[in-house]
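**Student:** How does the following fold in three dimensions:
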Amino acid sequence: MPKIFISYRRADTGPEAGRLRTALVHHFGKEHIFRDKDSIPPGVNWRDEVREALSGDTIVLALIGKTWITGTDASGQRLIDSATSNNRLELETALGARLRTIPVLVEGAEVPNEGDLPDALRALLTINALRLRDDDWDNDSERVVKTLEAMGVRPASGGQQRQGRWLSRPKRWLAAAALVAAVAVAAIAFMPGSQHSAVRVEPGPEPGPAPPPPNDGPNFQIVIDRSETMNSAFGKGTKLDEVKRALVSVLQEKTADTDNLSLREFGGDCSALNTTRLVLPFAPGEDRLARGLDGLTTTRGTSTLVSAIIDATGDFSGRRGSSGIIVISGSYDACKHPNPDALIQERLKRYPGLTLDLRFIGVALTRQEQSMAGELARKTGGTFRNATSPAQLTEAVEHAIVVKTKVGEVQAAVEIINECLAHLNTAVVNHLGANLDYNAANREVSAAEVALNRSVVPAPEPQHPEGVRELLSLARQARDDQQKMLEATKALIAAKQSNDAAAETRARSAYNQLVVAYNSRKDEINALQERLLNSSN
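**Tutor:** Residues are numbered from 1 along each chain as shown. Alright, predicted model coming up:
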């Protein structure tokens, strides 16, 4: 389901942005609405949060007030011309990513003239605008809601449905319907995949019971070939039968209940639009995914692997933590996409906050197919393995889902821990040495503490392979080392401020010993990660 991003300038349309957010949250639910003031927590990078929010399937409401064109900064430069203006950056990013963007005119503002806008924002002039007026707020906000619904945003489950009085009046209803249609058609120009590529926009899954809410655990989507080739004999059944068995076995025995799982299928006629479909959106629960697998059957047609990967990237919109796409196919893509790796990489560029690990598993591919799949994996930064027996297939699935996921989580955690270490080293070496600067040292310690709190290392579980359990244990010890270094740095600051030479000596000694221990632990982690990633290749 699309997200809604409210782009506004506080000095121009701040109150109206808050009022609109309240109406949208009431109808669609808080989790689907982004406004910087409410959605960005303290202590995080504004640009990173906005960049991530302006990705995937997102609809941008661009609020334009009376001073949007004329507003200036302290130097007299128009804010709309400033490359550092937050509002300008938001809209430039949205239009550059070809997100669906709707101008919303507030309190009597008019559509700007072309000459009043910088080149990067002139695309706004090609889109029909909506209005929000204080003296007709209920009707106008209702039009915004209905427009968003026409573009695929669904009301919150169990939420109150707004029923404006104006809907009972036939002439206004028809006028609104025409407006909604015009906006939806005009906004298609900004739908991801609408131009310059072979990407197709697919219909969403059929409505059904709401899945459990996703959490902060790892996210991975399983993308399965169901073309005719999956009906070929393999092991004790068909390729598709053995894929189901391998997946259910690994999911139930090796994964954690907190993993967010999703399922997509592909296969059919290359000229058709519905060759790939989201079967299950992201949510925790292995049994739920196993039931989804049980319903998969083969279809007529060939492998449409590249289209499936391209469409799968959009399913990760708004996801956090480690992310992976596991593609299992009985043949290579038959649709003859020119430069398929470039198509995939171009799609990923539209989601600047998204990094995906692509993991390809072939089921008894021919040598030529193995060569093409391996080349695609190499060019997109992914991995490829070909299974020629059910046992190899289960091993490949376990490696892709469990081993690579946990290694990725540890890599992400260690990067954050290293960031913490850098702040502490700056505090100890630069600010607590010959040139004392307690304020600067305390700022570095605070930054280190924020970084450390962002690092998450899952606990090893009995169902994990032995090497994975060892890796997770080492990473948790490394995080503990860093926590002790943080406390040692605080103790060092306190000792120096109180002129306690003995305490200062103890704190410095403890800090230095912990640095040595952490570096040794990090070397062990790196070696074990490399061994795990290469063990089954």
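
**Student:** if I look at Ala364, how far off is Cys420?
**Tutor:** 47 Å (Cβ to Cβ, to the nearest Å). C-beta coordinates here come from the backbone N, C-alpha and C atoms, glycine included.

**Student:** wait, Pro284
**Tutor:** Pro284 sits 28 Å away from Cys420, going by Cβ to Cβ.

**Student:** Which one's more surrounded, these two?
**Tutor:** Cys420 (24 against 20; other Cβ atoms under 10 Å).

**Student:** low-confidence ranges in the protein?
**Tutor:** Per-residue confidence for the chain (pLDDT under 70) gives these ranges: 38, 41-48, 157-218, 253-258, 273-274, 318-322, 350-354, 535-537.

**Student:** where exactly do the strands run in it?
**Tutor:** 3-7, 33-34, 58-64, 100-106, 130-132, 219-225, 233-234, 237-238, 260-266, 276-284, 323-329, 357-363, 383-387 (DSSP state E).

**Student:** which one's the longest helix in this protein?
**Tutor:** As assigned by DSSP state H, the longest helix anywhere in the chain is helix 501-534.

**Student:** quick one: buried residues of that one?
**Tutor:** Within helix 501-534, the residues that count as buried by 16 or more other Cβ atoms under 10 Å are 504, 507-508, 510-511, 514-515, 517-518, 521-522, 525, 528-529, 532.

**Student:** got it, and stretch 11-18?
**Tutor:** Neighbour count says stretch 11-18 has Asp12, Thr13, Glu16, Ala17 buried, by 16+ other Cβ under 10 Å.

**Student:** quick one, what contacts the second one?
**Tutor:** Okay, so that is Thr13. Counting by Cβ atoms under 8 Å, 6 or more residues apart in numbering, Thr13 touches Leu63, Ile64, Gly65, Trp68, Val106, Glu107.

**Student:** didn't Ala451 look like it was pressed against Glu419?
**Tutor:** Yes - contact criterion Cβ atoms under 8 Å: Ala451 and Glu419 qualify, at 4.5 Å.

**Student:** which of the two has more neighbours?
**Tutor:** Shown here are Ala451 and Glu419; by other Cβ under 10 Å, Ala451 has more neighbours (22 against 16).

**Student:** Against Leu79, how distant is the more buried one?
**Tutor:** Here Ala451 is placed at a distance of 32 Å from Leu79 (Cβ to Cβ).

**Student:** With Arg21 instead?
**Tutor:** 22 Å.

**Student:** which residues in the stretch 101-250 of the chain form helices?
**Tutor:** Shown for the stretch 101-250 of the chain, the helices assigned by DSSP state H, counting those that start in this stretch span residues 137-150, 170-187, 239-254.

**Student:** The stretch 401-537 of the chain now?
**Tutor:** Counting by DSSP H, counting those that start in this stretch, the stretch 401-537 of the chain has helices at residues 404-425, 438-454, 466-497, 501-534.

**Student:** I'd like these written out as TSV, with distance to Arg133 added.
**Tutor:** Formatted as TSV, the helices of the stretch 401-537 of the chain follow (distance: least, Cβ to Cβ, whole Å):
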stretch	distance to Arg133
helix 404-425	47
helix 438-454	43
helix 466-497	53
helix 501-534	58
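
**Student:** Provide a list of residues in contact with the nearest residue to Lys484 once chain neighbours are set aside.
**Tutor:** Nearest residue to Lys484, sequence neighbours excluded (Cβ to Cβ, 6 or more residues apart in numbering): Leu514, at 5.3 Å. Going by Cβ under 8 Å, 6+ apart, Leu514 touches Asp481, Lys484, Met485, Ala488.

**Student:** repeat that with 10 Å
**Tutor:** Leu514 is in contact with Leu421, Leu424, Asp480, Asp481, Gln482, Gln483, Lys484, Met485, Leu486, Glu487, Ala488, Thr489, counting by Cβ atoms under 10 Å, 6 or more residues apart in numbering.

**Student:** how many other residues sit next to the fifth one?
**Tutor:** For Gln482, the count of nearby residues is 24 (other Cβ under 10 Å).

**Student:** Repeat that for His423.
**Tutor:** His423 sits with 22 neighbouring residues when counted by other Cβ under 10 Å.

**Student:** can you tell me how far it sits from Val457?
**Tutor:** Per Cβ to Cβ, His423 is found 19 Å from Val457.

**Student:** Then Leu91?
**Tutor:** Distance from Leu91 to Val457, by Cβ to Cβ: 38 Å.

**Student:** Now for Ala308, how many residues are close by?
**Tutor:** 25.

**Student:** how about the nearest residue to Lys404, chain neighbours excluded?
**Tutor:** The nearest residue in space to Lys404 (Cβ to Cβ, 6+ apart) is Arg359, at 6.0 Å.

**Student:** pretty sure that neighbour contacts Ile328?
**Tutor:** Yes - the pair Arg359 / Ile328 is scored as a contact, 9.3 Å apart, by Cβ atoms under 10 Å.

**Student:** Find residues that contact each of those two.
**Tutor:** Both Arg359 and Ile328 are contacted by Ile222, Val223, Ala396, Val397, Ala400, under the criterion Cβ under 10 Å, 6+ apart.
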